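Engineer: Got a sequence here, can you model it:
(one chain, ligands or ions: 1)
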Amino acid sequence: MKKLTLVLALTAASALFAADGAALYKTKGCMGCHGKDGTMKTFKAINGLDKATIVQKIKDYQAGKGGPKKALMLPNAKKLKTDAEIEAVAEYIATFK
Ligand code: HEC
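Structural biologist: You can find the predicted model right below:
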């Protein structure tokens, strides 16, 4: 029974986590440039990436590193203020296939 409670608690927590990432994706403006499912190619499509890669890329942008169009992305990466915010938004983006 204890195990079941734990599983339920973890499921609830990860659902919260995902909801948080989805909210950040909208409120921090990511959706405007990458589209609601990350497939918008106007700037750069970000679908099909795994969570660890996304976290790393966001941290690279925050440190001033990136690709040819990084100037567009840098100020946006800086809108994510904590590791928890980066993790949450990366987890959400990783669901884009
Ligand atoms: C002004 C438009 C714009 C906004 C807003 C924006 N991005 Fe980006 N993003 C870009 C561009 C342009 C690139 C490619 C930059 C480069 O050349 O490295 C990029 C790249 C990325 C990449 C790396 C993709 C790859 O395959 O290398 C990730 C991940 C990403 N953005 C996530 C986000 C998140 C999360 C947010 C919201 C906090 C966000 N972006 C907001 C324009 C934007």
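Engineer: after the lowest-mean-pLDDT helix or strand in the chain comes which helix or strand?
Structural biologist: Least confident element among the helices and strands of the chain, by mean pLDDT, DSSP states H and E: helix 2-27 (a mean of 70). Next helix or strand after helix 2-27 toward the C-terminus (DSSP states H and E): helix 30-34.
Engineer: For that following helix, name the packing helices and strands.
Structural biologist: helix 70-77 (3 or more Cβ pairs under 8 Å, 6 or more residues apart in numbering; DSSP states H and E). All C-beta atoms are positioned from the backbone trio N, CA, C, and that covers glycine.
Engineer: residues of the helix it packs on that come out buried?
Structural biologist: With burial defined by 16 or more other Cβ atoms under 10 Å, the residues of helix 70-77 counted as buried are Met73, Leu74, Asn76, Ala77.
Engineer: How about stretch 57-74?
Structural biologist: Lys57, Ile58, Asp60, Tyr61, Gly66, Met73, Leu74.
Engineer: Which residues does it contact?
Structural biologist: Cys33, Phe43, Lys44, Leu49, Asn76, Ala77, Lys78, Leu80, Ile86, Val89, Ala90 (Cβ atoms under 8 Å, 6 or more residues apart in numbering).
Engineer: any idea which element the nearest residue to Ala22 once chain neighbours are set aside lies in?
Structural biologist: Nearest non-adjacent residue to Ala22, counting by Cβ to Cβ, 6 or more residues apart in numbering: Tyr92, 5.2 Å away. Using DSSP H and E, Tyr92 sits in helix 83-93.
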